[in-house]
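**Student:** A structural model of the following input is requested.
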Amino acid sequence: MQGPILLVDDELNILRALERMLRRAGYEVFTAQSGASGLKLLAEHDCPVILSDFRMPEMNGAEFLAHARKVSPLSVAMILSGYADFNSVISVLNEGLAFKFLQKPWLEQALLDDIRAAFVHYQSQKDNELRTQLLIGSQDALLELDYQGQILRFNAAAQQLLQLPTSELTHSRASLIFRDWQDNLLLRLVQHQSYSVPVEAFNGQSFDLTAARIDSQTLLLRLDPVQATLSSTGQFADQPNMLDQQQLIHLIEHQLQVPGTTLALVYLDIHHFTELHDSIGYHGADDVVATVGSMLQGQLPLQGLLAYLFADQFVVALRDFGNEAQLMTQVQQLLQPFQAPLLIAGHPLHLRFNLGYTLAPQDGQDAKTLIHQARQAARSNPSHQNGFLMRFDRSYVELKRQHYEISNALYEAVSNNSLHLVYQPKVAANQFQCDKAEVLLRWQHPTLGLVSPALFIPIAERDGQIHQLGSWVLKTAVQQLAQWRDIGFKPQLAVNVSALQLQSGNFVDDLRQLLLKHQVDAVQLQLEITESCLVEDINTSALQLQRLRDLGCGVAIDDFGVGYSSLAYLARLPVDTVKLDKSLIDELEQSLAMQSMVRHIIRMSHELQIAVVAEGVETAEQQSLLRTMHCDYLQGFGCGRPMTASDFFSYCTPTLIAAIGGTDD
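**Tutor:** Numbers count the residues shown, from 1 in each chain. Got it, this is the predicted structure:
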């Protein structure tokens with residue numbers, strides 16, 4: 001038995017019909033014919049979900065839900081009422097008293113889906129409250145993260161251990177706090193809840209991470225400090241020539257005081273060591289590290305010293321190494337024995353290393369900074385071939401700093417009104433008329449200036465802000481459509497949707513509610529989706545796109561012609577539009593082969609009843625060629641630059657269109 005759920009409606013027939021339906025679905029149900037009776041039941045029973053009518057005598061739905069919030073703050077309320085009541089319900093939705101507005105008469109399966117979503121939302125709120133209590137009450141150092149590795153909250157104990165200001169911890173990525181962070185680390189903690197993962201913060205401290213609480217939305221991680229020095233591990237106690245981290249620091253500081261001395265610090269760690277640790281176990285991983293240390297020690301040149309830092313991390317210090325080409329040769333010789341597999345517990349094991357180096361005094365004159373720089377160089381190394389070295393580059397640090405600044409600023413972009421939309425016309429090729437546009441996001445940061453979408457969108461997708469940005473874009477675009485509708489202007493707007501948005505279980509339902517709230521026809525909205533985000537699971541993608549088509553929205557495949565592009569996918573995906581990538585259009589005038597390819601794509605798309613939009617159209621010659629190929633729509637600077645809402649409205653008036661251009665007749 002699921003539930004319970006509280007039903008409140010003054011019409012007995014409706015109340016009984018709902019009760020029968022929900023009991024058949026396995027829910028425990030309480031019913032009330034008035035708001036007062038509902039409040040009494042709510043005081044006596046824990047009801048995660050409330051389904052209430054709006055028009056009721058004595059106490060209407062808004063008044064009832066306001067009182068219900070005080071009696072049962074976590075209960076998730078929904079209003080089930082006639083469409084005529086919707087304007088009255090908007091204020092209730094905006095105040096957060098109701099989770100959703102549902103329309104009478106209802107469709108049984110759709111209503112059951114909404115009720116299940118409400119129970120999921122209730123559990124999410126309950127989990128959040130439990131995590132809050134743990135964060136406040138626990139003496140342990142706790143971090144709350146989502147499954148993308150974003151730090152959501154933390155307690156004072158964690159902040160004290162990490163020695164970071166609130167501004168640097170709030171909404172930061174775990175990968176910006178911990179050097180050894182990898183994307184699948186959270187998954188391992190979920191799968192092995194008693195398992196601790198060693199990590200090292202950028203301040204040099206070492207910690208064990210353990211899952212304190214796990215739910216569907218977030219993880220609460222306990223942070224335990226460990227002494228990450230050779231004296232605590234004792235792995236190389238029988239190798240007196242192996243330095244620990246403190247000894248390495250003293251050595252560097254001493255060498256920096258000797259005039260004319262050049263010192264190279266080569267950092268190396270084992271590629272995918274955490275996965276190796278998981279697969280062969282703690283003792284096996286220790287054996288691997290010990291073997292690597294011994295082999296490196298045996299290969300050191302006369303002027304070299306080896307230091308063990310932590311986990312799988314080593315630093316080779318080389319004095320008077322010659323030039324950088326000679327340094328490369330020495331490192332290749334150092335790693336030459338690892339070309340053959342290691343034999344660990346009778347099993348062969350192939351190892352690769354992450355490598356980076358820094359030079360003193362050229363790159364710095366502080367020991368800890370130099371070690372950190374060598375590690376940063378290894379982290380920025382795009383190649384993991386043994387012997388491939390990457391020198392520390394300050395531009396990489398600046399790029400990371402810029403990305404960090406942009407990532408943090410993105411969290412405030414919506415609330416501080418620094419985002420706005422522009423609209424790029426999509427012109428009918430043969431008539432040169434316009435009633436469509438692509439919505440483009442622009443971000444005017446108060447200090448960074450106008451930030452390019454090519455820079456901030458990938459960061460938002462990586463760090464998770466894409467959900468908030470995507471929701472804002474959809475909401476703002478639909479609001480604009482509603483404003484235009486009120487003056488008799490009904491264009492179709494195309495909005496880009498990321499793979500992460502599309503994969504969200506509530507995306508289609510939330511979009512339906514948004515369109516209903518603003519009374520905008522779904523046919524006025526088209527969702528543009530990059531093909532690469534669909535083909536990894538073509539069947540699931542097809543089902544999600546079909547839900548969008550069933551809602552009435554258009555669906556376009558963006559950037560067609562690059563990457564995964566295949567006409568075979570078009571036959572399997574329920575789309576109505578294909579957008580030819582700009583790279584195809586750029587070569588159109590010079591390449592007969594490209595003309596043949598584009599003509600073929602357009603013809604095949606039309607046979608599948610799919611319209612074609614050409615992106616990046618800039619010249620009259622491109623326009624002429626695409627018209628002869630019967631391309632449906634043209635988009636690009638040659639047809640119209642991105643413009644404000646008011647300028648787009650003016651652009652679409654017949655007089656302005658006539659002035660811009662016409663057909664080739």
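**Student:** and the nearest residue to residue 630 once chain neighbours are set aside, what are its phi and psi?
**Tutor:** In this structure, residue 630 finds its nearest non-sequential neighbour in residue 602, 6.2 Å apart by CB to CB, 6 or more residues apart in numbering. Glycine gets a C-beta too; all of them are placed from N, C-alpha and C. Note on residue 602: backbone dihedrals following degrees, to the nearest 10 are phi -60, psi -50.
**Student:** again, but for residue 619
**Tutor:** Backbone geometry at residue 619, expressed as degrees, to the nearest 10, gives phi -120, psi 160.
**Student:** return the residues in contact with it.
**Tutor:** 589, 638 (CB atoms under 8 Å, 6 or more residues apart in numbering).
**Student:** where's it relative to residue 636, distance?
**Tutor:** Residue 619 sits at a distance of 9 Å from residue 636 (criterion: CB to CB, to the nearest Å).
**Student:** tell me which residues in stretch 540-550 are buried?
**Tutor:** Buried residues in stretch 540-550, counted by 16 or more other CB atoms under 10 Å: 541, 542, 544, 545, 547, 548.
**Student:** in helices only, show me those residues.
**Tutor:** Those of the buried residues of stretch 540-550 mapping onto helices are 541, 542, 544, 545, 547, 548, per DSSP state H.
**Student:** now the second one: closest residue in space, sequence neighbours ignored.
**Tutor:** Going back to what we said before, that points to residue 542. In space, residue 542 comes closest to residue 573 once its chain neighbours are excluded; the distance is 5.6 Å by CB to CB, 6+ apart.
**Student:** now residue 357, what's its secondary structure?
**Tutor:** strand (DSSP: H, G, I helix; E, B strand; the rest coil).
**Student:** give me the beta-bridge partners of residue 314?
**Tutor:** Bridge pairing for residue 314 (DSSP bridges) gives the partners residue 268, residue 308.
**Student:** picking up where we left off before, I'd assumed residue 627 was in contact with the residue nearest to residue 630.
**Tutor:** No: using CB atoms under 8 Å, residue 602 makes no contact with residue 627, being 11.0 Å away.
**Student:** output stretch 631-643 in PDB with nothing but the alpha carbons.
**Tutor:** The C-alpha trace of stretch 631-643 is given here as PDB (Å, rounded to 0.1, in the frame of the first residue of the first chain):
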ATOM      1  CA  CYS A 631      15.800  24.300 -49.000                       C
ATOM      2  CA  ASP A 632      12.900  25.400 -46.900                       C
ATOM      3  CA  TYR A 633      14.400  28.000 -44.600                       C
ATOM      4  CA  LEU A 634      17.600  30.100 -44.400                       C
ATOM      5  CA  GLN A 635      19.300  31.400 -41.300                       C
ATOM      6  CA  GLY A 636      22.400  33.400 -40.900                       C
ATOM      7  CA  PHE A 637      23.900  36.900 -41.100                       C
ATOM      8  CA  GLY A 638      23.000  37.100 -44.800                       C
ATOM      9  CA  CYS A 639      19.300  36.900 -43.800                       C
ATOM     10  CA  GLY A 640      19.300  38.600 -40.400                       C
ATOM     11  CA  ARG A 641      21.600  38.900 -37.400                       C
ATOM     12  CA  PRO A 642      20.400  38.000 -33.900                       C
ATOM     13  CA  MET A 643      18.200  40.900 -32.700                       C
END
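**Student:** mean confidence for it?
**Tutor:** Mean pLDDT, stretch 631-643: 94.
**Student:** thanks a lot, catch you later.
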